[in-house]
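Colleague: here is a sequence together with a model predicted from it:
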Amino acid sequence: MDTLLSFRPLFDLFLIHLGFAYSQYIVLRAGAFSIGNVGLSAIGAYTAAILTVNYGLPLPVTLLAGAFAGLAFGALLAIPLARLRGVYQAIASLAFVQIVLSANLYAENVTGGAMGFSGIPKLVGTGTLLVFALATIHVMLAISRSRLGRAFDAVREDEGMAVSLGINAARTQAIAYMISGLLAGLFGSLEALHSYAVEPNQFGFHLIIVILSYVVLGGRRSVWGPLVGVALLIALPEISRPLADARIMIYGLILMAVMNFMPRGIVDTLVARRTRAANPEVRQAEVKG
Amino acid sequence: MTDLVLEHVHKNFGGVIASNDVSMRVPAGRITGLIGPNGAGKTTLINLITGMLSLSSGRVLFGGRDISAEPADKVARAGMGRTFQNIRLQKEASVLANVMVGFHRHETCSLVAAILGLPSSRREDALLRQKAMALLGRFGMAGHADSPAGSLAYGHQRKVEMMRALATDPDLILLDEPVAGMNDVEALQLGRIFRELADEGKAILLIEHNMRFVQELCDHVYVLDGGRLIAEGKPRDVVADPAVITAYLGEE
C-alpha cells in the first residue's frame, strides 16, 4: 500500500497531463496544427487561482470559470488561425502562447509576475482528477462516433472534399478550438488547484514539447493514442530513475525515433496493422498525417 | 424541380481564359453530358459551378437562385453533390466511414448531444450506418464496408465517391469521369443507377471521355473546347458535328 501511495503524485501528474494531451489531440484531429492550447491552459490556471485566492469562490465555480475562460479564448484564437494552414498555424499559435506568457509576467499586480502566484489551497485530489479524466475520455470517444468526429476527420484528410459535402471547414475547426480550449482551461485550473502555485514559464515552450511528444508518440487519430503516449512518457523516467534528469533529451530522442520508424504513433500504427491483417487484399495504404 | 443554369460564365487566370462565355442548362430529371478534349476546361467549369473557384463574370443559377458568389460548402448544402476526377477519399478510413460523412448536411442531433454522446447522437449514428449500408448494397459494395477505402481497386474507389455524393441527397450530381478505369460491364451497371437517379428527378451532369457511354446515357450533350462551347445537342448529332470531330481528332 505504501508503494502504491508513493506513486500517487505521479498518477496525479498523469491525469492532468492526460487532459492537456487531449486538448492538443482534438485540434490535430480536426486538421488544425495549433499549439495554442498551452496558452489556454495558462489562462485557465490563472483564472482559477485568482478567483480562489483573491475572491474566495468555491471550487465548482472556479473550475467552471477556468474552463470557460479557455473556451472563450479558444474561440477567439480560432478567428485568426482560420486564415492560416499548417506550419503557419503552428507559428501563430506559438506566438499566442508567448503573448499569454508575457502577459502573465508583466501583469505583476494581478498574476504575481515572474515570482508566480502562490498560496493556492490544494482543493483538488486524485479523485477529482480521475473523474475529470474519465469524463474527458468519454467525451473524446463520443465525439469520435458522432457527426462531429466525422467532420473533423474529413476536414483533416482533405478540406476540399469536406467542403464539397457541405462541411463548413472554418466552423468545424472553430468547434475543435473551443473544445480544446475548454479542456486546456479545465485541466489548467485543476493543475493550479492541485499544486499550490503557478508561474508563467510553467506554460511555455517546455510544456508544448512535452504535450506534443505525448500525442506524436501515442498517435493522433485513435482516442487511445494520447493515453498511451502520456502513460509511457510519464512512466519512463520513473522506471529508469538515473535518466530522469535527462528527461527532455530522452523525449527528443524518442520523438525522432518515432517520427522515423512509426510516423503515425504507436496506437495508430497498431490499428493500421490490424486492419491490414483483417483485409488481406489490402495494398499498403498511403502513409499520411 | 431544381435546374442548373449557367449564364455567360467566364473565368480567366491572369491572361489564360479557362472558361469563355459558357451558357448551358442542366435540367432536373435528365442526364446532361459535358465532353471535350483534355484541357478543354471541363473540370474548371465544375469547380466554378460548385463554388470551388470564383467566377470572373457571369452567373450560376441553381433552382432559380443565384449561387455564383456562394462558398463551396454552402453550394453543397443547397443540394449539389460531386465526385472528383482525381479520386478524393479518406484512404485509411473504412468504406462505410467514407460514405457516412456524406450524410453531414442532414444530421440533426445537436452539437452538445454529439460531444456528450447522448442517446440522440448514438441513435443518429446507428440510423446513418443503416442508410450507408443500404447505399453500399445498391452499388454492390456491401462486402467492402469495413475495408480501408484506399485499398480498393480504382473502379471501386470511384463508386465510394459516388455513394458519398449520393449520401448528401443532392438535387444535382456532378460526375467527373465516373467510369474511368472501369470495364464495360461495371460502366453499364453504373449507367443504370444514373438513369434511375435521373428518373427520381435529380439533375445529372456527366463529364466523360467514354463516348459510347455518353451516347448511350445522355439526353443532351455540350461540347467544350479551349474553354468555349463549340456544339450542343443530341449525342448522335453532336458526335457527327465537324467542329467536334476537329476538336477531338485535329484538322484533316
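Modeller: Okay, I see it.
Colleague: number of nearby residues for residue B:126?
Modeller: 11 (other Cβ atoms under 10 Å in any protein chain shown). Where you see a C-beta, it was placed from the backbone N, CA and C, and this is true even at glycine.
Colleague: is it in a helix, a strand, or coil?
Modeller: Under DSSP: H, G, I helix; E, B strand; the rest coil, the three-state class of residue B:126 is helix.
Colleague: what do you get for residue B:7?
Modeller: Once three-state DSSP is applied, residue B:7 turns out strand.
Colleague: quick one: it and residue B:151, what's the gap?
Modeller: Computed as Cβ to Cβ, to the nearest Å, the residue B:7 to residue B:151 distance reads 44 Å.
Colleague: same question for residue B:226.
Modeller: Residue B:226 sits 39 Å away from residue B:151, going by Cβ to Cβ.
Colleague: of those two, who's got more company?
Modeller: residue B:151 (21 against 14).
Colleague: quick check on that one: phi, psi?
Modeller: Note on residue B:151: backbone dihedrals following degrees, to the nearest 10 are phi -90, psi -10.
Colleague: quick one: low-confidence parts of the stretch 51-200 of chain B?
Modeller: The model of the stretch 51-200 of chain B has no residue with pLDDT under 70.
Colleague: swap in the stretch 51-200 of chain A?
Modeller: Applying pLDDT under 70 to the stretch 51-200 of chain A flags no residue at all.
Colleague: can you name the residue of it nearest chain B?
Modeller: residue A:142 (2.6 Å; Cβ to the nearest Cβ).
Colleague: residues near that residue, how many?
Modeller: For residue A:142, the neighbour count with other Cβ under 10 Å is 21.
Colleague: just the CA trace of the one helix or strand it maps to, in PDB.
Modeller: Residue A:142 belongs to helix A:126-144 when assigned by DSSP states H and E. In PDB, the C-alpha atoms belonging to helix A:126-144 read as follows (Å, rounded to 0.1, in the frame of the first residue of the first chain):
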ATOM      1  CA  THR A 126      -6.700  12.300  -7.100                       C
ATOM      2  CA  GLY A 127     -10.400  11.500  -7.000                       C
ATOM      3  CA  THR A 128     -11.400  14.800  -8.700                       C
ATOM      4  CA  LEU A 129      -8.700  14.400 -11.300                       C
ATOM      5  CA  LEU A 130      -9.800  10.900 -12.100                       C
ATOM      6  CA  VAL A 131     -13.400  11.900 -12.500                       C
ATOM      7  CA  PHE A 132     -12.500  14.700 -15.000                       C
ATOM      8  CA  ALA A 133     -10.000  12.400 -16.800                       C
ATOM      9  CA  LEU A 134     -12.600   9.700 -17.300                       C
ATOM     10  CA  ALA A 135     -15.200  12.200 -18.400                       C
ATOM     11  CA  THR A 136     -12.700  13.600 -20.900                       C
ATOM     12  CA  ILE A 137     -12.100  10.100 -22.400                       C
ATOM     13  CA  HIS A 138     -15.900   9.600 -22.600                       C
ATOM     14  CA  VAL A 139     -16.300  12.900 -24.500                       C
ATOM     15  CA  MET A 140     -13.400  12.000 -26.900                       C
ATOM     16  CA  LEU A 141     -15.000   8.600 -27.600                       C
ATOM     17  CA  ALA A 142     -18.500  10.200 -28.100                       C
ATOM     18  CA  ILE A 143     -17.100  12.800 -30.500                       C
ATOM     19  CA  SER A 144     -15.300  10.100 -32.500                       C
END
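Colleague: name the helices or strands packed onto it?
Modeller: For helix A:126-144, the contact count by 3 or more Cβ pairs under 8 Å, 6 or more residues apart in numbering or on different chains; DSSP states H and E identifies helix A:8-29, helix A:169-192, helix B:111-116 as packing neighbours.
Colleague: so which bits of that helix are buried?
Modeller: Neighbour-count burial for helix A:126-144 flags A:128, A:129, A:132, A:133, A:136, A:137, A:139, A:140, A:142, A:143, A:144 (criterion: 16 or more other Cβ atoms under 10 Å in any protein chain shown).
Colleague: what's the closest of those to residue B:246?
Modeller: Closest approach between these and residue B:246, by Cβ to Cβ: residue A:144, at 55.4 Å.
Colleague: which residues touch the closest residue to that closest one other than its chain neighbours?
Modeller: Nearest non-adjacent residue to residue A:144, counting by Cβ to Cβ, 6 or more residues apart in numbering or on different chains: residue A:223, 5.6 Å away. By Cβ atoms under 8 Å, 6 or more residues apart in numbering or on different chains, the contact set of residue A:223 is A:25, A:137, A:140, A:141, A:144.
Colleague: spatially, which two of the residues you listed are the most separated?
Modeller: Greatest spatial distance among these (Cβ to Cβ): A:25 and A:141, at 12.2 Å.
Colleague: contacting residues for residue 187?
Modeller: Using chain A here. Contacts for residue A:187 (Cβ under 8 Å, 6+ apart) come out as A:16, A:19, A:20, A:23, A:41, A:44, A:132.
Colleague: should've been chain B
Modeller: By Cβ under 8 Å, 6+ apart, residue B:187 lies in contact with B:179, B:210, B:213.
Colleague: same thing with residue B:71?
Modeller: A:163, B:51.
Colleague: if we can go back for a sec, can you add distance to residue B:30 and give the buried residues of helix A:126-144 back as TSV?
Modeller: TSV is the format used below for these (distance: Cβ to Cβ, whole Å):
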residue	distance to residue B:30
A:128	64
A:129	63
A:132	57
A:133	57
A:136	52
A:137	52
A:139	47
A:140	47
A:142	44
A:143	41
A:144	41
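Colleague: ok, so of those, who is nearest residue A:169?
Modeller: The shortest gap between residue A:169 and any of the buried residues of helix A:126-144 belongs to residue A:143, at 17.0 Å (Cβ to Cβ).
Colleague: skipping adjacent residues, who's closest to the closest one in space?
Modeller: Among residues not flanking residue A:143 along the chain, residue A:149 sits closest, at 4.9 Å (Cβ to Cβ, 6+ apart).
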